[in-house]
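Undergrad: mind folding the following:
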Amino acid sequence: MKATAKGHFDVKVSPLTEGARKGVWAPGRMSIDKRFHGDLEAVSEGEMLAAMTGVKGSGGYTAIEQVRGTLQGRSGSFLLQHSALMSNGVPGEWRVVVIPDSGTEGLKGLSGHLAITIRDGQHSYAMEYTLPEAP
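TA: Below is the predicted model of the structure:
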């Protein structure tokens, strides 16, 4: 079945380690902890690797998080993979997808992508997904 799940989430990002590669870039590694509310009631944990350039507001990040909870009444877990770019403070390519075959239990077979919107410091999501009919 194809569907859309919407809601908001709280996120906490904390530095894990800071690395540096001379003359190239300075990566930042962070933990991600989220609590999703709405059609997806879940918690997630993940890690992010980010790099900012010498231009304020320009950089990119990649992350993977494991989401555990209930998606419109079906429980289980799945993995999300993030990839994003920002140029001069303007978000560019921002892609968050369900990693294929990562769904467990009632979310087995889940596929889709998640769009994140940030307004006035509040995070919301819209997840377009496909999920096989429940057995």
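Undergrad: give the next helix or strand downstream of the strand ranked longest in the chain.
TA: Across the chain, the longest stretch assigned as strand under DSSP state E is strand 2-18. Downstream of strand 2-18, the first helix or strand assigned by DSSP states H and E is strand 26-38.
Undergrad: what angle sits between the helix or strand that that following strand is followed by and strand 26-38?
TA: Using DSSP H and E, the helix or strand that follows strand 26-38 in sequence is strand 40-52. Interaxial angle, strand 40-52 versus strand 26-38 (axes from the mean of the first three to the mean of the last three C-alpha atoms, to 10 degrees): 160 degrees.
Undergrad: packing partners of strand 40-52?
TA: strand 2-18, strand 26-38, strand 59-71, strand 74-87 (3 or more C-beta pairs under 8 Å, 6 or more residues apart in numbering; DSSP states H and E). No exception for glycine: its C-beta is placed from N, CA and C like everyone else's.
Undergrad: mind doing that once more with 7 Å?
TA: Secondary-structure packing of strand 40-52 (3 or more C-beta pairs under 7 Å, 6 or more residues apart in numbering; DSSP states H and E): strand 2-18, strand 26-38, strand 59-71.
Undergrad: quick check: buried residues in the longest strand of the chain?
TA: Neighbour counts over strand 2-18 (16 or more other C-beta atoms under 10 Å) mark 5, 7, 9 as buried.
Undergrad: TSV please, covering these and showing pLDDT and distance to residue 84.
TA: Output for the buried residues of strand 2-18, formatted as TSV (pLDDT from 0 to 100; distance: C-beta to C-beta, whole Å):
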residue	pLDDT	distance to residue 84
5	90	20
7	89	20
9	88	16
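Undergrad: which of those lies closest to residue 99?
TA: residue 5 (17.1 Å; C-beta to C-beta).
Undergrad: show residues contacting the longest strand of the chain.
TA: For strand 2-18, contacts defined as C-beta atoms under 7 Å, 6 or more residues apart in numbering pick out 28-40, 48, 71-72, 122-130.
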